[in-house]
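Colleague: Here's my sequence, what's the structure:
(one chain, ligands or ions: 1)
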Amino acid sequence: MSDGLEGVVAAETVLSQVDGAAGVLIIRGRSLDELAGHARYEDVVALLFDDFYPDLPADVPATLGRARAEVFAEVSALDTGLLDRTPIEAMRALTARLADGDDIAVAFRLLAAPAVFTAAVVRAQSGEAPVAPDPTLGHSADILRMLRGKPGSKAEADALDTYLVTVADHGLNASTFAARVVASTRAGLGSAVLAGISALKGPLHGGAPGPIIEMLDEIGEPANARAWIESALARGDRLMGFGHRIYKVRDPRADALKGAVRWLDARQGRLEFAEVVEAAALAILREHKPERSLQTNVEFYTALLLEALDFPPSTFTCVFAMGRVAGWLAHAREQLAGGRLIRPASVYVGPMPKKAA
Ligand code: ACO
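Modeller: As a prediction, the model looks like this:
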């Protein structure tokens, strides 16, 4: 048996390849370097959906814009009970209100849902009225507008696009596997996406970047980095933003996102501070676990980028879902095309029934 299914091949996919030894991510034949900072999120949606959604519309940005406007109707269901929940719980609950199904219209509504619902939840939680989508805008520009109530700059929309592209798909990570398991039962794309959101929520997967901001704030200044990190590890804590099941070298997404933070020149001091903390963490992790290669993962610079774009840390996992939902939807359809129910075996290690006397 393989602990955590490490090394177990559970699917064949044409969607993405994660080469953990070389630190290379390929999405449908394109390297991350070719896509991040160059392609729009909508281009990557088209790339991932191609073949799996035969009725994919030619104008993906306009279709996604209309889907944002359609799902906004569900925002009226935000009540005080939901507003007391964390943003990802509230966003997940609103997503669960959408009709399930397997067609392209369902897929586009699900693609729009994390963006529209997260922006509405954030605003409602701070006492502001949700802002309706503008279907004519690009997805990233509209997300910033719905969040802030006014447009962001082009550089900010480009930086968010880089983020969404960077996280759109990543092999058989925990949330994508969860989505594929549910899709394999033919429960519908909505059910698969809800499984993805639920798996992503955990701190070992998509829940890491919020605590990274807490770590940086607690460290406060470069001189405190070593002592803070050593005491965290001595307590048995894990350093959020470091380590990965597949990558044994630096996660290529970390540098794509670090580059995007650099474009937003307002926070250079914060970036320099984060680089000091990163260097200290890598050095101490090498001393602490010399037998492992614990490197910076995608979440470290995700935290910096989303902070610079004014997303509250409590929403970072929701923003991850805004990007990864494209991967879940493509994998769900790839799973359906392959056909078989995912149903592994287990080994019973409990007591056996007593034999009758
Ligand atoms: N800080 C300290 N120790 C760590 C870290 C870390 N960030 N990551 C792994 N280790 C240690 C573990 O304590 C464990 O030690 P042990 O062998 O003495 O028990 C050993 O390295 C292996 O840990 P596993 O959990 O078995 O390794 P796995 O490959 O499954 O871990 C994971 C991957 C869960 C991401 C892990 O590195 C981690 O918890 N990182 C921190 C959380 C994080 O950044 N998550 C985001 C990941 S990226 C993403 O999902 C999008």
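Colleague: Quick one: residues contacting the residue lying closest to residue 173 once chain neighbours are set aside.
Modeller: Beyond its immediate neighbours in the sequence, the residue positioned closest to residue 173 (CB to CB, 6 or more residues apart in numbering) is residue 205, lying 7.0 Å away. Every C-beta, even on glycine, is put in place using the N, C-alpha and C of the backbone. Contacts were defined as CB atoms under 8 Å, 6 or more residues apart in numbering; by that measure residue 205 touches 173, 174, 175, 199.
Colleague: Spit out the contact partners of residue 169.
Modeller: The neighbours of residue 169, taking CB under 8 Å, 6+ apart as the test, are 15, 16, 27, 44, 48, 176, 324, 326, 327, 330, 331.
Colleague: Which helix or strand in the chain has the lowest average pLDDT?
Modeller: The least trusted helix or strand in the chain, going by mean pLDDT, DSSP states H and E, turns out to be helix 252-263, with a mean of 90.
Colleague: could you say what helices and strands that one packs with?
Modeller: Helices and strands touching helix 252-263, as assessed by 3 or more CB pairs under 8 Å, 6 or more residues apart in numbering; DSSP states H and E, comprise strand 24-27, helix 32-35, helix 154-166, helix 268-288, helix 298-308.
Colleague: For residue 142, pull up the helix or strand it's in.
Modeller: When elements are assigned from DSSP states H and E, residue 142 belongs to helix 139-148.
Colleague: swap in residue 192?
Modeller: Using DSSP H and E, residue 192 maps to helix 189-200.
Colleague: Kindly confirm whether my reading is correct that residue 256 touches residue 167.
Modeller: No. Counting by CB atoms under 8 Å, no contact exists between residue 256 and residue 167, whose distance comes to 9.7 Å.
Colleague: and the two? which has more neighbours close in?
Modeller: Here residue 256 and residue 167 are compared on neighbour count by other CB atoms under 10 Å; more neighbours surround residue 167, at 27 against 23.
Colleague: quick one: contacts for the more buried one?
Modeller: In this structure, residue 167 makes contact with 253, 298, 302, 320, 323, 324, judged by CB under 8 Å, 6+ apart.
Colleague: swap in residue 302?
Modeller: 163, 167, 209, 212, 257, 316, 320.
Colleague: That one and residue 69: what is the separation?
Modeller: With distances defined as CB to CB, to the nearest Å, the gap from residue 302 to residue 69 amounts to 28 Å.
Colleague: And for residue 305?
Modeller: Residue 305 sits at a distance of 27 Å from residue 69 (criterion: CB to CB).
Colleague: more crowded one of the two?
Modeller: Here residue 305 and residue 69 are compared on neighbour count by other CB under 10 Å; more neighbours surround residue 305, at 29 against 15.
Colleague: Check the contact between residue 65 and residue 141; I expect there is one.
Modeller: No. The pair residue 65 and residue 141 does not pass the contact test of CB under 8 Å, sitting 10.4 Å apart.
Colleague: ok, and the closest non-adjacent residue to the residue of the chain found nearest the ligand?
Modeller: Distances between the chain and the ligand by CB to the nearest ligand atom are smallest at residue 243, namely 2.2 Å. Spatial nearest neighbour of residue 243, excluding adjacent residues (CB to CB, 6+ apart): residue 294 at 4.5 Å.
Colleague: That neighbour in helix, strand or coil?
Modeller: In terms of secondary structure, residue 294 is coil; the call rests on DSSP: H, G, I helix; E, B strand; the rest coil.
Colleague: State the distance from it to residue 217.
Modeller: From residue 294 across to residue 217, the span is 22 Å (CB to CB).
Colleague: Name all residues that make contact with residue 287.
Modeller: Residues in contact with residue 287, defined by CB under 8 Å, 6+ apart, are absent; none qualify.
Colleague: per-residue confidence for it?
Modeller: Each residue has a pLDDT score; the one for residue 287 is 94.
Colleague: Which residues of the chain lie near the ligand?
Modeller: Residues of the chain that fall close to the ligand, judged by CB under 6 Å from any ligand atom: 4, 204-206, 208, 238-245, 289, 292, 294, 297-299.
Colleague: Just the buried subset of those, written out for PyMOL, thanks.
Modeller: Selection command for PyMOL covering only the buried members of these, criterion 16 or more other CB atoms under 10 Å:
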select buried, resi 205+206+208+239+240+241+242+243+244+245+294+297+298+299
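Colleague: what number of residues lie near the spatially closest residue to residue 249 that is not a sequence neighbour?
Modeller: Closest residue to residue 249 apart from its sequence neighbours, by CB to CB, 6+ apart: residue 23 at 4.1 Å. The local packing of residue 23 (other CB under 10 Å) involves 19 other residues.
Colleague: Tell me who's in contact with residue 23.
Modeller: Going by CB under 8 Å, 6+ apart, residue 23 touches 247, 249, 250, 251, 252.
Colleague: Chain neighbours aside, what residue packs nearest to the residue most central in space within the chain?
Modeller: Using CA atoms, centre = their mean, the residue of the chain that lies closest to the mean C-alpha position is residue 320, 2.7 Å off. Excluding the flanking residues, the one nearest residue 320 by CB to CB, 6+ apart is residue 206, at 4.4 Å.
Colleague: ok, so what distance separates the one you found from residue 149?
Modeller: Spatial separation of residue 206 from residue 149 under the definition CB to CB is 26 Å.
Colleague: ok, now residue 161?
Modeller: Counting by CB to CB, the gap from residue 161 to residue 149 is 20 Å.
Colleague: Give the residue from these two that has the larger number of neighbours.
Modeller: A side-by-side neighbour count of residue 161 and residue 149, using other CB under 10 Å, places residue 161 first with 26 against 12.
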